[in-house]
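For reference, the sequence and a predicted model appear below.
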Amino acid sequence: MPTSQQAPFPFTSPAPPVRLPADGDSRLADDDALLRLVACGGALEPRRRLLSNAAPSLALERGEPFWRACGLERNQIAVLRSPPSEALVRAREWLARPGHHLIGWNGSDYPTLLVNSPNPPLALFVAGDPSLLWRSGIAVVGSRSPSPGGRDNAARFARALSGSGLLVASGLAAGVDTAAHQAVLDAGAPTVAVLGTGPDVPYPRSNARLHEAVIAHGAVVSEYLPGTQARKAHFPSRNRILAGLTLGTLVVEAAMRSGALITARLAGECGREVMALPGSIHNPVARGCHRLIREGAALVETPEEVLQLLLPASQHLASDLRRALSIPTSPPDATPLSPRGRPGTRGRPPAPPPPAATADFPEPPPPLDADHQKLWSALGHDPTDMDQLVARTGLTPAQLSSMLLPMELEGRVTAQHGRYFRNR
């Protein structure tokens, strides 16, 4: 639905690649295998490795030697052998309904911005229009209890930015998130909500109608199986998806301890733009924004300033995607282990071949536990920055970020001002 506002900047995005038609039985088998991989939980990297060069159903058919070689742990393998039947039945029923989609990490329609972020989800459950995930977007986030001025600013900025061609994404939480989503919908534009629950579970419950409206006129996204209820640890983890899907994050208002600050930090780690609105020194939910500005976030006072910051990134993204999507791909009947990788992996470099599922396969990748041990040994009780951790462990910033977030959620590590230290 078009808006009446004149767009001051030409934010455009290339269309996502068209999913090649697949045999119905093979598509159902792949979806079922992907659901089982989501249900087994645990570390994401071994499960992504499992899918590097094979469709999900083929990856599972290769059996336990291959699973172990990819780094899956015993408890993950146990769940793959005996998946939770009730949860999978609910997920299959959800997926069978119109407008519901399951996008695997190795699929051509997985958003390129997200796949290039630290620790991307194994799969996305999408209710609504999945093509919106390829739009140039901005995350508008902030306090669940904003001031009246903060609520007004969230609505005003979201309305203006969506009118300029940007997709506005947020987390469907109370406060700033709700104001941003509602303002965009009221203006007749689409919006995306990233949830910390299953795609069919609105949270808070008071936003059930907004949840339905976002699905009808945008998209709801989750990495969690349908039916998954709210858990405290899900929301910071959800924030990495919000940061990874978008070109930048705008923090409207935030207290010193706020999920919005986690989203901003993760956006910075993705190499995305971080912006914050200044507020009164007497406003407690402005202090988080002031902290971000002190640490290097861009201070913005108008939607036009946001657009000026994001326009170069949007144009660069569109150019990169157009080049990537012009590369010829393997035909539908090509082998999954063709030189270019699995058919439909456009827009990303081919993954290295996985270990063969035989007794004489090449030496398997090092166990994930070894990398976690390197990181734990490199961390101390004094704050340590990312450069020091890279030097001490030999791991990349992306690898370290993907490990640090779960450790932070578990309460084992604290992050402050870009530095990390052990809690025990």
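Nice, thanks for sending it over. Residues are numbered from 1 along each chain as shown.

I'd like to know which helix or strand in this protein has the lowest mean pLDDT.
Least confident helix or strand, the chain: helix 303-325 with a mean of 72, by mean pLDDT, DSSP states H and E.

Figure out how far the next helix-or-strand element following that helix is from the centre of its chain.
Downstream of helix 303-325, the first helix or strand assigned by DSSP states H and E is helix 368-378. Distance, stretch centre to chain centre, for helix 368-378: 24 Å (Cα atoms, centre = their mean, to the nearest Å).

got a list of what residue 423 touches?
By Cβ atoms under 8 Å, 6 or more residues apart in numbering, residue 423 lies in contact with 411-414. (Glycine included, C-beta is placed from N, CA and C.)

out of those, who's nearest residue 157?
Proximity of the contacts of residue 423 to residue 157 was ranked by Cβ to Cβ; the top entry is residue 414 with 30.9 Å.

And what about the closest one, helix, strand or coil?
strand (DSSP: H, G, I helix; E, B strand; the rest coil).

do residue 165 as well
Put simply, residue 165 is coil when judged by three-state DSSP.

What's the separation between it and residue 218?
If you measure residue 165 against residue 218 using Cβ to Cβ, to the nearest Å, the figure is 15 Å.

pLDDT below threshold where in this protein?
Where the chain drops to pLDDT under 70, the residues are 1-25, 315-369, 409-410, 417, 424.

which SSE is the most centrally placed residue in it in?
Centroid-nearest residue in the chain, with Cα atoms, centre = their mean: residue 241, separated by 2.1 Å. Element membership for residue 241, per DSSP H and E: helix 234-245.

Output that helix as PDB, restricted to C-alpha atoms.
C-alpha atoms of helix 234-245 as PDB (Å, rounded to 0.1, in the frame of the first residue of the first chain):
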ATOM      1  CA  HIS A 234      15.000 -15.600  23.900                       C
ATOM      2  CA  PHE A 235      14.800 -11.800  23.600                       C
ATOM      3  CA  PRO A 236      18.500 -10.800  23.600                       C
ATOM      4  CA  SER A 237      19.000 -13.700  21.100                       C
ATOM      5  CA  ARG A 238      16.100 -12.300  19.000                       C
ATOM      6  CA  ASN A 239      17.800  -9.000  18.900                       C
ATOM      7  CA  ARG A 240      20.800 -10.300  16.900                       C
ATOM      8  CA  ILE A 241      18.300 -11.200  14.100                       C
ATOM      9  CA  LEU A 242      16.800  -7.700  14.200                       C
ATOM     10  CA  ALA A 243      20.300  -6.200  14.000                       C
ATOM     11  CA  GLY A 244      21.400  -8.600  11.200                       C
ATOM     12  CA  LEU A 245      18.400  -8.100   9.000                       C
END
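
Just checking the distance from that helix to the centre of its chain.
Taking Cα atoms, centre = their mean, one finds the center of helix 234-245 at 5 Å from the center of the full chain.

Who are the packing partners of it?
Applying 3 or more Cβ pairs under 8 Å, 6 or more residues apart in numbering; DSSP states H and E, one finds that helix 234-245 contacts helix 112-115, strand 137-141, strand 167-170, strand 191-194, strand 219-222, helix 259-269, helix 397-409.

just checking, next helix/strand downstream of that helix?
Following helix 234-245 in sequence order, the next helix or strand is strand 248-251 (DSSP H and E).

Identify the residues contacting that next one?
The contact list for strand 248-251 (Cβ under 8 Å, 6+ apart) reads 138-142, 157, 161, 242-243, 260-261, 263-264, 267, 272-277, 288-289, 292, 297, 300, 306, 309-310, 313.

before we move on, the earlier item: closest one to residue 41 among the helices and strands packed on helix 234-245?
helix 397-409 (11.4 Å).

ok, and what's touching the closest one?
In contact with helix 397-409 (Cβ under 8 Å, 6+ apart) are residues 43-45, 118-119, 233, 236-237, 240, 266, 269, 371-372, 375, 386, 389-390, 393, 413-415, 420.

What strand or helix carries the nearest residue to residue 90 once chain neighbours are set aside?
Nearest residue to residue 90 in three dimensions, chain neighbours excluded: residue 227, at 4.8 Å (Cβ to Cβ, 6 or more residues apart in numbering). In the assignment (DSSP H and E), residue 227 maps to no helix and no strand.

neighbour-wise, which of residue 165 and residue 218 wins?
Each of residue 165 and residue 218 has its neighbours counted (other Cβ atoms under 10 Å); residue 218 has more, 23 against 20.

pretty sure the more buried one contacts residue 191?
Yes. Residue 218 is within contact range of residue 191, at 4.4 Å (criterion: Cβ atoms under 8 Å).

and for the two, which residues touch both?
Contacts common to residue 218 and residue 191, judged by Cβ under 8 Å, 6+ apart, are 184-185.

Drop the exposed ones from the contacts of helix 397-409 and show what's left.
Neighbour counting by 16 or more other Cβ atoms under 10 Å classes 43-45, 118-119, 236-237, 240, 266, 269, 371, 375, 389, 393, 413, 415, 420 among these as buried.

and residue 225, what does it touch?
By Cβ under 8 Å, 6+ apart, the residues touching residue 225 are 35, 38-39, 87, 90-91, 125, 198.

Mind giving me the ChimeraX command for buried ones among those?
ChimeraX command restricting those to the buried ones, with burial defined by 16+ other Cβ under 10 Å:
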select :35,38,39,87,90,91,125,198
